[in-house]
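Enquirer: Sequence isn't available, so here's the structure alone:
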């Protein structure tokens, strides 16, 4: 899955879980913080990635990443989230390691075969 898909999934999942929209996501792999703005609700997501200017919109189970013209399916679960990235044709899963936003969001990408770490604020 593309790095910009990973950090946007982490951002949307954390916003849904916390029931609040954050304004930044820190991608530990890239060592950078990305500003994100918009709306995240259980029935509607409409956010813009401040780094790539790409819009991600739709319901969580059918997010459309306008920058890569591909869909991402995201489902919240008891302790985390899971989904499918149609761009890479790979699944992902994730977890929250504590109360948001102080905790990390970890996303396991089946394409890369490893966890990727993020923080939201």
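Expert: Structure's in. What do you need? Because the structure is predicted, anything quoted here is derived from the model rather than measured.

Enquirer: can we go C-alpha only for contacts and neighbour counts from here?
Expert: Will do.

Enquirer: Please identify which helix or strand holds residue 34.
Expert: strand 32-41 (DSSP states H and E).

Enquirer: Contact partners for residue 58?
Expert: Contact partners of residue 58, counting by Cα atoms under 8 Å, 6 or more residues apart in numbering, are 44-46, 64.

Enquirer: err, residue 95, not the other one
Expert: 79-81, 105-107.

Enquirer: Separate out the buried members of those.
Expert: 80-81, 105-107 (16 or more other Cα atoms under 10 Å).

Enquirer: Please work out the average pLDDT along stretch 53-67.
Expert: In this model, stretch 53-67 has a mean pLDDT of 97.

Enquirer: now do the same end-to-end measure for it.
Expert: 8 Å (Cα to Cα, to the nearest Å).

Enquirer: Kindly report the same for stretch 110-121.
Expert: One end of stretch 110-121 sits 26 Å from the other (Cα to Cα).

Enquirer: Go through the contacts of residue 95 and name the one nearest residue 117.
Expert: residue 106 (4.7 Å; Cα to Cα).

Enquirer: Specify the beta-bridge partners of that closest one.
Expert: The partner list for residue 106 in beta bridges (DSSP bridges) reads residue 95, residue 117.
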